[in-house]
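In: structure, please.
(2 chains)
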2 protein chains.
Amino acid sequence: MKLYDNATAPNPRRVRIFVAEKGLEIPLVAVNIQRKENHAPEFLEINPLAAVPVLETDAGEPISESLAICRYLEALHPQPALFGTQPDEKGRIEMWIHRVEFEFVQRVFLCFQNTHDYMKGRMPQVPEFGELSRERAQRFLDLLERQLAGTRFVAGDGFSMADISLLCGLEFGRVIGIRATEQHAAITRWHEEVAARPSAKA
Amino acid sequence: MKLYDNATAPNPRRVRIFVAEKGLEIPLVAVNIQRKENHAPEFLEINPLAAVPVLETDAGEPISESLAICRYLEALHPQPALFGTQPDEKGRIEMWIHRVEFEFVQRVFLCFQNTHDYMKGRMPQVPEFGELSRERAQRFLDLLERQLAGTRFVAGDGFSMADISLLCGLEFGRVIGIRATEQHAAITRWHEEVAARPSAKA
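Out: Predicted coordinates for the structure are as follows:
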């Protein structure tokens, strides 16, 4: 098994943290995005969408999409469970993964892609849409604040995949100035706890 | 158990099809979006994001986000499995769900929200971004065509959640002119087969 990775891109970090939480060791293969190695024909063979991360399984099958890789690893190594074990817990965790991914992480990415200098010339930018995405991502933090005022972790008492998604999205958001403010005491408390876990260094 | 639903919105249809494929019967509660019932205080109690569908479990807990509802139901009623049973199959299905949801369905929604007359006055529109989303959604169909030229269903030989996501996204896409063309013979063949399943009427 090996993981096609990039040290600075936000998506692969989710998988590296997940792997660390599971106590697994998976060899990393660095893909240089600046040099466009992800667009080379041999990489497009394993992911036609030209994105990292990609896990190559022991059977040689490529699995891309961060959440799909994590779910595959959860199926192989169920403990510690990061997607829940009982139906209600699975539903609750999945609900928060989707909220965090669609309402926050994707909007952080859309803001970055449409407003940041790094993306100039890499894709067409529509700054007006980037700014709308910024507002919406920032607004989601208010809903999250209410949730985290009542729970230790995003989806309840236990650490889950939803915390990993949020940690990566929140820390990447700094690049474009999206962050928890002084009105977000619960998010700040949560962030300190989650960022102190050894897996956060991954 | 009951499902807060809306007959014309694209998201709840995924859950209705899933429920039909499982052979379940769950009472529907119609939420009138035109009359903004989804923004009423009592609805915001069950989903602060003001979106349908929401499943209320037998324990009275609300679960929102279509995929989370489906996964909860899969955990309660494992057969027929629509998210896979073995690790490699689970990973493959999840990969295709994410590709279809992020690369296609979300872009269909972004195009609709930013270009369609129905959304005027409901949210700020950025037509330029809507048109970029249209192009990207349409381009994803070329990748999907290559996949479906080699497999019966989106994620392989078996019908899965990935097919449900694609069916709903593809049929909703018609509203804004995103559709399979004569270059997409495999998608058209797939669409005819999947649309003929009894669940597609849900």
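In: check the residue in chain A sticking out farthest from the centre and give its pLDDT.
Out: In chain A, the residue that sits farthest from the middle, by Cα atoms, centre = their mean, is A:P41; the gap is 26.2 Å. Here, the pLDDT recorded for A:P41 equals 97.
In: please name the residues that touch A:H191.
Out: By Cβ atoms under 8 Å, 6 or more residues apart in numbering or on different chains, the contact set of A:H191 is A:L167, A:L170, A:A180. Every C-beta, even on glycine, is put in place using the N, C-alpha and C of the backbone.
In: so which of these is the most crowded?
Out: Among the contacts of A:H191, A:L170 has the most neighbours (other Cβ atoms under 10 Å in any protein chain shown), with 24 neighbours.
In: nearest residue to that one other than its sequence neighbours?
Out: Ranked by Cβ to Cβ, 6 or more residues apart in numbering or on different chains and with sequence neighbours excluded, the top spatial neighbour of A:L170 is A:H191, at 6.5 Å.
In: for A:A50, same thing?
Out: Nearest residue to A:A50, sequence neighbours excluded (Cβ to Cβ, 6+ apart): A:N38, at 4.7 Å.
In: that neighbour - how many residues pack around it?
Out: Neighbour count of A:N38, defined by other Cβ under 10 Å: 20.
In: what's the distance between it and chain B?
Out: Distance, A:N38 to chain B, by Cβ to the nearest Cβ, to the nearest Å: 15 Å.
In: now that residue, what's its secondary structure?
Out: Put simply, A:N38 is helix when judged by DSSP: H, G, I helix; E, B strand; the rest coil.
In: wait, it sits on A:A30?
Out: No: shown here, A:N38 and A:A30 do not form a contact pair, counting by Cβ atoms under 8 Å, at 11.1 Å.
In: phi, psi for A:T57 please.
Out: phi -70, psi 170 (degrees, to the nearest 10).
In: spit out the contact partners of the nearest residue to it once chain neighbours are set aside.
Out: Sequence neighbours aside, A:M1 is the residue nearest to A:T57 in space, at 6.0 Å (criterion: Cβ to Cβ, 6+ apart). Residues near A:M1 by Cβ under 8 Å, 6+ apart: A:I26, A:P27, A:L55, A:E56, A:T57, A:D58.
In: cutoff 7 Å now
Out: A:I26, A:L55, A:E56, A:T57, A:D58 (Cβ atoms under 7 Å, 6 or more residues apart in numbering or on different chains).
In: going by neighbour count, list what's buried in stretch A:138-151.
Out: A:Q138, A:F140, A:L141, A:L144, A:E145, A:Q147, A:L148 (16 or more other Cβ atoms under 10 Å in any protein chain shown).
In: do the same with stretch A:190-202
Out: Neighbour-count burial for stretch A:190-202, counted by 16+ other Cβ under 10 Å, picks out A:W190, A:H191, A:V194, A:R197, A:S199, A:A200, A:A202.
In: tell me the one of these nearest chain B?
Out: A:W190 (18.0 Å; Cβ to the nearest Cβ).
In: distance of that closest one from A:L166?
Out: 8 Å (Cβ to Cβ, to the nearest Å).
In: likewise for A:A196?
Out: 15 Å.
In: isn't A:E94 up against B:L67?
Out: Yes: A:E94 lies in contact with B:L67 (Cβ atoms under 7 Å); the separation is 6.4 Å.
In: among the buried residues of stretch A:138-151, which are in helices?
Out: Mapping the buried residues of stretch A:138-151 onto helices (DSSP state H) picks out A:Q138, A:F140, A:L141, A:L144, A:E145, A:Q147, A:L148.
In: isn't A:V100 up against A:A162?
Out: Yes: using Cβ under 7 Å, A:V100 is in contact with A:A162, at 5.7 Å.
In: identify the contacts common to those two.
Out: Common neighbours of A:V100 and A:A162 (criterion: Cβ under 7 Å, 6+ apart): A:V154.
In: mind listing what A:A202 touches?
Out: A:R13, A:R16, A:I17, A:V19, A:A20.
In: my error: substitute A:L24 in the last question.
Out: Applying Cβ under 7 Å, 6+ apart to A:L24 gives the contacts A:L73, A:H77.
In: need the three-state assignment for it.
Out: Going by three-state DSSP: A:L24 is coil.
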